[in-house]
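> For reference, the sequence and a predicted model appear below.
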Amino acid sequence: MEFETLQQFKKAVRKFNINLGRSIFFPKIDSTRCKAICYDENCPWQIYCAKRSCLVSYQVKTFVNEHTCPRNLHCKSANGKWVVDELEEKIRNQPDMTVKDAENYFRTEFDVLVNERKIYRSMATARERIEGSEAAQYLRLRDYSNEILKINPGSTVRIHTSPMPGLESFLFKRIYVCLSACKRGFVEGCRPFIGLDGTFLRGYYGGQLLTAIGADANNHIFPIAYAIVESENKDSWKWFLELLQDDVGDHAANGFNLMSDMQKGLIPAVKDIMPGAHHRFCAMHIYHNFRKQWLDLEMKAAMWACSKATTPQEFELAMGRVKRINQHAWEYLNKIFPQQWSRSHFSEYLKVDFYTNNNCETFNGKIKKMRGKPIITMLEEVRGYVMRILARNKKALVGYHGRITLCNKAVWKGTKKRATIGGHSHPVIKMGMSMRFKGYM
Ligand SMILES: [Zn+2]
């Protein structure tokens with residue numbers, strides 16, 4: 001077992017023993033070695049770690065993992081510093097945590113009883129640390145944006161602030177990031193399809209992360225731009241869409257099709273900034289609202305048949321079925337334009353027949369753990385994830401010379417098979433080539 005530093009070793013040993021309900025301490029030796037022994041003089045438990053001679057790491061040399069002492073609910077190893085460290089990590093993800101929540105957390109996670117006053121004091125210290133470290137990162141945002149522009153020429157980073165009345169400083173409101181590789185990759189190699197979504201941030205200062213995600217030739221997700229805003233509303237979506245349009249080009253000239261949930265602020269923002277753009281709504285989102293009133297499996301199948309229909313005739317048949325089962329459900333679905341949720345009425349120009357906003361959902365799912373971190377740490381981790389996606393997807397297609405990309409080939413084979421065995425499905429991937437779709441196929 002190896003550790004990078006002795007602090008790391010001590011932290012791991014302490015946590016290990018707190019989980020066991022045993023108290024240990026670290027008698028002082030020197031800066032290259034560390035030892036931990038049990039508080040109970042008669043207990044043989046001990047561990048010894050020392051620096052490796054040729055490497056910059058520390059290795060466990062002796063480990064007697066046997067406690068003969070009894071388990072103790074008031075573990076001495078769970079000292080004030082440890083409680084503050086644990087609470088700091090917890091409060092970052094759960095800013096509204098109460099003393100009671102913290103007490104339950106220590107009892108259920110570690111089986112340790114921590115005094116209420118100790119928790120109260122530790123929470124105050126942890127909050128001070130978080131506020132200090134998180135606030136400090138906001139002060140470095142300009143530097144961060146300059147660094148991105150320096151190492152990724154051609155990228156766009158915009159920071160939006162508002163003046164504070166009576167003060168010379170400004171209040172941070174929003175940041176938008178569109179990396180050069182994402183911008184160029186989308187414009188030159190992707191279909192004109194943009195998925196939009198917003199997800200809440202779990203950090204100390206809250207906020208929302210807005211994302212614009214495209215699809216590459218192989219139907220994999222292709223991140224275009226992301227932004228952190230104060231909340232999801234018409235104004236913040238308008239700000240995001242304006243910047244996005246500046247980066248990827250005019251929606252009308254490029255025939256962009258948008259896909260989103262039915263967010264209140266987003267729909268009017270799209271009408272203002274991209275008037276006339278095809279705007280699809282995620283069928284899964286429509287279904288989630290639909291099933292609040294009509295929960296049975298027959299209605300579920302009937303609703304999805306409408307969304308998955310590939311011809312107007314098939315759509316009419318599916319809607320007819322909904323009407324026969326339940327007139328009110330039909331009236332509900334009939335209010336939504338078929339161009340917004342059924343494959344049968346989607347624009348054929350872009351050769352994308354997605355009827356759910358899965359690209360955005362996948363992206364948001366992957367960055368879930370990053371959403372509770374301080375702003376620059378989070379932006380950096382998201383940037384790292386975007387880079388990994390692009391590199392992985394590029395690797396999958398390097399050296400591939402088929403006429404149809406791998407994923408589409410699999411879909412094409414499946415639909416052809418269904419067609420030959422007499423099913424109702426029609427080939428769903430239109431095999432023509434989009435004007436913008438130069439890279440593959
Ligand atoms: Zn012991």
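Here it is on my side, so go on.
> ok, now how distant is the residue nearest to residue 386 when sequence neighbours are not counted from residue 183?
Spatial nearest neighbour of residue 386, chain neighbours left out: residue 223 (4.7 Å); criterion: C-beta to C-beta, 6 or more residues apart in numbering. Bear in mind the C-beta positions are built from the backbone N, C-alpha and C, glycine included. Residue 223 sits 11 Å away from residue 183, taking C-beta to C-beta, to the nearest Å as the criterion.
> who has more neighbours, these two?
It is residue 223, of residue 223 and residue 183, that has more neighbours when counted by other C-beta atoms under 10 Å, with 26 against 20.
> Surely the more buried one touches residue 384?
No: here residue 223 does not reach residue 384: they are 11.8 Å apart, not a contact under C-beta atoms under 8 Å.
> follow-up on the earlier one: quick one: the residue nearest to residue 386 is in a strand?
Yes: assessed with DSSP: H, G, I helix; E, B strand; the rest coil, residue 223 lies in a strand.
> residues in contact with it?
If a contact means C-beta atoms under 8 Å, 6 or more residues apart in numbering, then residue 223 has 182, 211-214, 363, 386, 389-390 as its contacts.
> which residues touch whichever strand or helix holds residue 14?
Per DSSP states H and E, residue 14 falls inside helix 6-20. The contact list for helix 6-20 (C-beta under 8 Å, 6+ apart) reads 3, 23-24, 26, 31, 34, 36, 47, 49, 58, 60, 67, 71, 75, 77-78, 82, 85, 110-112.
> quick one: the strands in the protein?
2-3, 24-25, 33-38, 46-51, 58-64, 156-163, 170-178, 193-200, 208-215, 221-229, 257-260, 278-281 (DSSP state E).
> Adding mean pLDDT, write those strands out as CSV.
Converted to CSV, the strands of the chain look like this (pLDDT from 0 to 100):
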stretch, mean pLDDT
strand 2-3, 86
strand 24-25, 92
strand 33-38, 92
strand 46-51, 92
strand 58-64, 92
strand 156-163, 92
strand 170-178, 92
strand 193-200, 93
strand 208-215, 93
strand 221-229, 94
strand 257-260, 92
strand 278-281, 91
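> Reformat those strands as a markdown table; add distance to the ion.
Shown next, in a markdown table, are these (distance: least, C-beta to the ion, whole Å):
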| stretch | distance to the ion |
| --- | --- |
| strand 2-3 | 22 |
| strand 24-25 | 7 |
| strand 33-38 | 3 |
| strand 46-51 | 9 |
| strand 58-64 | 10 |
| strand 156-163 | 54 |
| strand 170-178 | 50 |
| strand 193-200 | 45 |
| strand 208-215 | 47 |
| strand 221-229 | 48 |
| strand 257-260 | 58 |
| strand 278-281 | 61 |
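> what's the closest of the ones you listed to residue 134?
Between residue 134 and those, the tightest spacing by C-beta to C-beta is seen for strand 170-178, at 11.2 Å.
> What strands line up against that closest one, and which way round?
Strand 170-178 has its sheet partners listed here by DSSP bridges as strand 156-163 (antiparallel), strand 221-229 (antiparallel).
> Point out where the chain drops to low pLDDT.
Scanning the chain for pLDDT under 70 picks out 415-441.
> what residues does it put near the ion?
Residues of the chain lying close to the ion (C-beta under 5 Å from the ion) are 22, 38, 40, 43, 45, 67, 69.
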